[in-house]
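In: what follows is a predicted structure for the sequence shown.
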Amino acid sequence: MTGEVQTDFSIGKDPNGRFNARNFPWWLVAIIGFLALMSLLILTNPDYNKAFNFIKGEFGGISGFQAGGLAGFIGTGIAVTIYTTLVAFGVALIIGLLAGLGRVNSNVVIRNVAITYIEFIRGVPTLVLIFTVAFVIVPSVADTLGISGQSISTNTRGIIALAVIYGAFLAEVFRAGIESVPPGQTEAARSLGLNGRQAMRHVVLPQAIRNVLPALGNDFIAMLKDSSLISVLAVRDITQMARLYAGSTFRFRESYLVLTFLYLSMTIALSLFLRWYEKRLRQNAR
Amino acid sequence: MQDNNTFDAADNPAPVSRVLGDDIIIIDNLYKQFGTVKAVNGFSLNVRQGEVVVIVGPSGSGKSTVLRCINHLEVPTGGAIYVDGTHLEDKKTDINAVRAEVGMVFQQFNLFGHLSVLDNITLAQRLIRKRKKEEAERIAMEQLNRVGIPEKANAFPRQLSGGQQQRVAIARSLAMNPKIMLFDEPTSALDPEMIKEVLDVMLDLARGGMTMVVVTHEMGFARSAADRVVFMDQGSIVEMASPRTLFNDPKHERTKLFLSKIISH
């Protein structure tokens, strides 16, 4: 629709279409200014350029670089950060949906299993959970299943840890979404003869998910940022690459400014998209 | 007796005498308690096939609770309900199968917000009646024609007025070919100018021989459509009679008081 495109041009304007200094997103100008300055430095300054090229890493084809596993297959740096975030978030969505449904289930056992999982995860710091999942839970589950724990790469362990952690947060998002759908919707569905499961699947969940899409987007951005934590497992994401570069060249300023630049450009792009999307949702809801 | 209800009984002739069948709903000594609140307190009522029963009474008298017990949206704390010969409180009863035969229209319409009008009406047909898409849509359009808004088939509920939403809700229930229709204050959430369009649809349905149990404050509708009017207070029946008798010659003091309150001015 053309109306939606126009709203993007109307940023910082008053209802009459005039420039309005009070509403103008100066913060965005400042952030874009920082990003532009960093881009300029990376393009023109050899020190920044070297740091950038090292940290952004390579896409695939360097399986000898790291001892086996998917990380070697997909590359280093940005490839690992994006891959980790996408896969971990995808798995977290599934875990979160199941745990969220369990959280509102009328069965006492199912509900308490879900609550135990959610409260357990929420009560432990993310960094501690990453260590625990990667070095304790994954090896013992692997042993139980008869798989060699050694064969599971650190990147995969990191992805499992992030998925398990975010699954608990997303479960609460889904629960809130389900509870945001008025009970009358379920009653109408049930009175037409749908059973509880059909009412959930065809009537409640579609509306619940639509209601929580912005919240899921925010959690995706949070996941992108928290993926930096798996650098403690020596996974070569952009954070680990920056640490490696800083450690070997002592160019801390270049390393961490480039790292900041990389995260900020990704999160700002995502959050601008989310703002636009939320605005569109609100307009459609009218 | 004069009343100023939006639905004017004078517009509509007295109910055509319908052929009534056997008892299709049997409510036997119903009790329902919410915590310490006794919502329904020994309520018994038999409804015959083709009969239109209107339940009136002050708010909190348990009218809606009785209605919601008939399709087990509320589970009674005592008593028994039989719908078309099926004992609802029996553990072996498939309540979903019973509900498919009992349409329900709510005060707040409760249309599915994420679905178009057409999809609202076809969802249960396809899931429960196992109808093919084309057949379900054909039946949906028939029902939309019946309630007078076929042009809204592809609209979404939020784009409709309250009266239109309620008519879609009625069409959604009718598309299941129910044996019984329950109406829970279907016009209470509507702007005054939309009440008539919904009552007209209901009156048409009543004339067509549908078995209906209606909780409403629309006395005009009760007069022109009801075979029997039940006056409820504090969870049980105070008085039950034909609309003419109940409105013109109420026996009980509480009925007189209630009627004087809602039909004055």
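Out: Happy to help now that I have it. Numbering: from 1, shown residues only, chains lettered A, B, ... in the order given.
In: number of nearby residues for the closest residue to chain A within the stretch 51-200 of chain B?
Out: Nearest residue of the stretch 51-200 of chain B to chain A: residue B:100, at 3.1 Å (CB to the nearest CB). (C-beta placed from N, C-alpha, C; glycine too.) For residue B:100, the tally of surrounding residues (other CB atoms under 10 Å in any protein chain shown) stands at 23.
In: please tell me I have it right and it contacts residue B:127.
Out: No: when contacts are counted by CB atoms under 8 Å, residue B:100 is not listed as touching residue B:127 (9.8 Å).
In: quick one on the thing from earlier: name the nearest residue to the residue of the stretch 51-200 of chain B closest to chain A, sequence neighbours excluded.
Out: Spatial nearest neighbour of residue B:100, chain neighbours left out: residue A:193 (3.1 Å); criterion: CB to CB, 6 or more residues apart in numbering or on different chains.
In: tell me the secondary structure for that neighbour?
Out: Following DSSP: H, G, I helix; E, B strand; the rest coil, residue A:193 is assigned to coil.
In: surely residue B:215 touches residue B:63?
Out: Yes: Residue B:215 lies in contact with residue B:63 (CB under 8 Å); the separation is 4.4 Å.
In: returning to that earlier point: OK, contacts around the residue of the stretch 51-200 of chain B closest to chain A?
Out: For residue B:100, the contact set (CB atoms under 8 Å, 6 or more residues apart in numbering or on different chains) comprises A:192-193, B:124, B:128-129, B:176, B:178.
In: so what does the residue of chain A found nearest chain B have for phi and psi?
Out: Proximity of chain A to chain B (CB to the nearest CB) peaks at residue A:193, 3.1 Å away. When read as degrees, to the nearest 10, the backbone of residue A:193 gives phi 110, psi 0.
In: from residue A:228, how far off is it?
Out: Using CB to CB, to the nearest Å, residue A:193 is found at 51 Å from residue A:228.
In: repeat that for residue B:123.
Out: For residue B:123 relative to residue A:228 (CB to CB), the value is 45 Å.
In: mind checking pLDDT for the residue nearest the centre of chain B?
Out: Among the residues of chain B, the one closest to the centroid is residue B:183, at 1.8 Å (CA atoms, centre = their mean). You'll see residue B:183 listed with a pLDDT of 96.
In: mind listing the helices for the stretch 151-265 of chain B?
Out: Shown for the stretch 151-265 of chain B, the helices assigned by DSSP state H, counting those that start in this stretch span residues B:162-174, B:192-207, B:219-225, B:243-248, B:253-263.
In: worst mean pLDDT among these?
Out: helix B:253-263 - the lowest mean pLDDT of these, at a mean of 87.
In: could I get the buried residue list for it?
Out: B:254-255, B:258-259 (16 or more other CB atoms under 10 Å in any protein chain shown).
In: quick one on the thing from earlier: of residue A:193 and residue A:228, who's got more company?
Out: Summary of the neighbour comparison: residue A:193 and residue A:228, criterion other CB under 10 Å, with residue A:193 having more neighbours (26 against 17).
In: the more buried one: what's it in contact with?
Out: By CB under 8 Å, 6+ apart, the neighbours of residue A:193 are B:96-97, B:99-100, B:124, B:128, B:176.
In: so where do the helices sit in the stretch 1-150 of chain B?
Out: Using DSSP H, counting those that start in this stretch, the helices of the stretch 1-150 of chain B run over residues B:63-70, B:95-100, B:117-127, B:133-147.
In: quick one: the helices in the stretch 51-200 of chain A?
Out: Applying DSSP H, counting those that start in this stretch to the stretch 51-200 of chain A gives helices spanning A:69-74, A:78-103, A:108-122, A:126-132, A:138-145, A:154-180, A:183-191, A:196-199.
In: now those helices as CSV including mean pLDDT?
Out: Output for the helices of the stretch 51-200 of chain A, formatted as CSV (pLDDT from 0 to 100):
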stretch, mean pLDDT
helix A:69-74, 56
helix A:78-103, 95
helix A:108-122, 96
helix A:126-132, 95
helix A:138-145, 90
helix A:154-180, 95
helix A:183-191, 96
helix A:196-199, 94
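In: wait, which of the ones you listed is closest to residue A:255?
Out: Minimum separation from residue A:255 across the helices of the stretch 51-200 of chain A (CB to CB) falls at helix A:78-103, 14.8 Å.
In: so how far is that closest one off the chain centroid?
Out: 8 Å (CA atoms, centre = their mean, to the nearest Å).
In: show me what it packs onto, helices and strands only.
Out: Packed against helix A:78-103 by the contact rule (3 or more CB pairs under 8 Å, 6 or more residues apart in numbering or on different chains; DSSP states H and E) you find helix A:69-74, helix A:108-122, helix A:154-180, helix A:205-226, helix A:238-249.
In: many thanks, we can stop here.
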